[in-house]
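Q: after the sequence you'll find the predicted model.
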Amino acid sequence: MRNVICCELILNDNIYENIFRMDFSWNGPAPRAGQFFMVKPKRSGVFLGRPMSIAGWQPGSVTFLSARRGKGTQELGDMRIGEEAELIGPQGNAWKDMLPEAGNGGEAVALVGGGIGIAPLIALLCEDSTGKFDLYAGFRKGFGNMDEQCALLGPAVFQARKIFIATEDGRTGSKGRIPDFLEPEKYAAICACGPEPMMKTVAALCRSPKAAGVPCFVSLERRMACGIGACLGCTVGTASGNRRCCAEGPIFRADEVFFDD
């Protein structure tokens, strides 16, 4: 069932360059980490909303992280406090729909995020404060020192047992790409979200003999139109056949996904 609610923007913060954080009022069903909303400004020049993974929530509000990529996200980034947007959701499955088979026995789970893909992983830290998650965050560019970069991402990141940051320019944390620093064999499971080549690399690491098939779950991004699985515009190729990212995802077992080359 689609829950469509007009919600007031209560915070719109530019974090760094084209990345911004938005908080909307929200009194609908409680979202779960990994789920997403279709979001569209009430005063909009686009026909369809944009899918946005939740980055956190608390009673009365829900948080998103986004990057300015096209007209739809540009409109969202330009919204002013007090303006309204149409939120449809929460939709999709959640990390904990997948994790019961691994990582619920107190064993550590690695959260691997690239760029704006960090958002649904921050939401999991917001939802679960057991301290069993290690956060691996990768970015093209660094911005500030480690403490400053973590603080800009939001207080929930400090729920992680360990925080590891890598940047391709080396300005913050270690220099390199985040999969280069991941040792999946040390974890009960891996949750990843970010650019598809990054997730493909992480999935391959989890299939290696050294990792012995550590379960890996990925949150995929696809262009979505309806958001409810009717239009088939967000199809994901898997070993079990085509799946709809919005209705049967966005989280899938990595070993079942046919990643794009």
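A: Right, received. Where do you want to start? Numbering: from 1, shown residues only.
Q: tell me which helix or strand the closest residue to Lys141 other than its chain neighbours sits in.
A: The shortest distance from Lys141 to any non-neighbouring residue, by Cβ to Cβ, 6 or more residues apart in numbering, is to Asp169 (5.2 Å). No exception for glycine: its C-beta is placed from N, CA and C like everyone else's. Under the criterion of DSSP states H and E, Asp169 resides outside all helices and strands.
Q: how many neighbours does Asp169 have?
A: Asp169: 10 surrounding residues under other Cβ atoms under 10 Å.
Q: list phi and psi for it.
A: phi -90, psi -10 (degrees, to the nearest 10).
Q: so who does it touch?
A: Arg140, Lys141, Gly142, Lys175 (Cβ atoms under 8 Å, 6 or more residues apart in numbering).
Q: lowest-confidence one in those residues?
A: When the contacts of Asp169 are sorted by pLDDT, the bottom entry is Gly142 at 78.
Q: that one against Thr172, yeah?
A: Yes - under the criterion of Cβ atoms under 8 Å, Gly142 makes contact with Thr172 at 2.9 Å.
Q: what's the overlap in contacts for the two?
A: Among the neighbours of Gly142, those also in contact with Thr172 (Cβ under 8 Å, 6+ apart) are Gln149, Ile165.
Q: for the lowest-mean-pLDDT helix or strand in the chain, list the C-alpha coordinates in CSV.
A: Lowest on mean pLDDT, DSSP states H and E among the helices and strands of the chain sits helix 146-153, with a mean of 74. Taking C-alpha atoms only, helix 146-153 is exported to CSV below (Å, rounded to 0.1, in the frame of the first residue of the first chain):
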residue,chain,number,x,y,z
MET,A,146,38.4,12.3,10.1
ASP,A,147,36.4,13.8,13.0
GLU,A,148,35.0,16.6,10.8
GLN,A,149,34.1,14.2,8.0
CYS,A,150,32.4,11.8,10.4
ALA,A,151,30.5,14.7,12.1
LEU,A,152,29.2,16.0,8.7
LEU,A,153,27.8,12.5,7.9
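Q: got a list of contacts for that helix?
A: Contacts for helix 146-153 (Cβ under 8 Å, 6+ apart): 15-16, 65, 118, 122, 137, 139, 142-144, 157-158, 163, 165, 172-173.
Q: check stretch 50-59 too.
A: So stretch 50-59 is contacted by 21, 26, 30-31, 33-40, 62-66, 72-73, 76, 90, 119-120, 122-123, 126, 154, 156, 193, 219, 221, 224, 227, 246, 250 (Cβ under 8 Å, 6+ apart).
Q: among these, which ones are in helices?
A: Counted as lying in helices by DSSP state H, out of the contacts of stretch 50-59, are Gly72, Thr73, Leu76, Ala119, Pro120, Ile122, Ala123, Cys126, Cys246.
Q: which non-adjacent residue is nearest Ala94?
A: The spatially closest residue to Ala94, leaving aside those adjacent along the chain, is Arg32, at 3.8 Å (Cβ to Cβ, 6+ apart).
Q: rewinding a little: please pick the buried ones from the contacts of Asp169.
A: Among those, the ones that count as buried by 16 or more other Cβ atoms under 10 Å are Gly142.
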